[in-house]
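**Q** need coordinates for the following:
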Amino acid sequence: LDPEKSLKSQRKPKEGEAGDDGPPLKEDPKYDKYFKMMKMGLPKDAVKHAMVRDGLDPNVLDMDPEKSLLSQAEKPADD
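**A** Numbering: from 1, shown residues only. The predicted model follows:
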């Protein structure tokens, strides 16, 4: 087990649970730059502005950095 990651993100999903597809957000090559900026002490709003400038969705910073983007993507509502 990796001590830098949560136990929940490292356990295997039980049968019937959705798997966590992809790397954690903080390690995703597309977003790791922005999580590093926050780790270095930049205000969240400044990092969000940088994401908008780079054409990315700033709401990603409000998600759990230990889970992948795919596992946190909004699922369409059933009608």
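
**Q** lowest-confidence helix or strand of the protein?
**A** helix 7-10 (a mean of 74; mean pLDDT, DSSP states H and E).

**Q** just the C-alpha atoms of that helix, please, in CSV.
**A** Extracted in CSV, the C-alpha atoms of helix 7-10 (Å, rounded to 0.1, in the frame of the first residue of the first chain):
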residue,chain,number,x,y,z
LEU,A,7,-6.9,3.3,1.8
LYS,A,8,-10.2,3.6,0.1
SER,A,9,-8.5,4.6,-3.2
GLN,A,10,-6.2,1.6,-3.0
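
**Q** so where's the chain uncertain?
**A** For the chain, the stretches with pLDDT under 70 are 1, 12-20, 74-79.

**Q** residue for residue, what is the longest helix it has?
**A** Longest helix in the chain, counting residues (DSSP state H): helix 44-53.

**Q** next SSE after it?
**A** helix 69-72 (DSSP states H and E).

**Q** how about that following helix: buried residues?
**A** Of all the residues in helix 69-72, those buried under the rule 16 or more other Cβ atoms under 10 Å are 69, 71. No exception for glycine: its C-beta is placed from N, CA and C like everyone else's.

**Q** mind checking how far that helix is from the chain centre?
**A** Helix 69-72 sits 7 Å away from the centroid of its parent chain (Cα atoms, centre = their mean, to the nearest Å).
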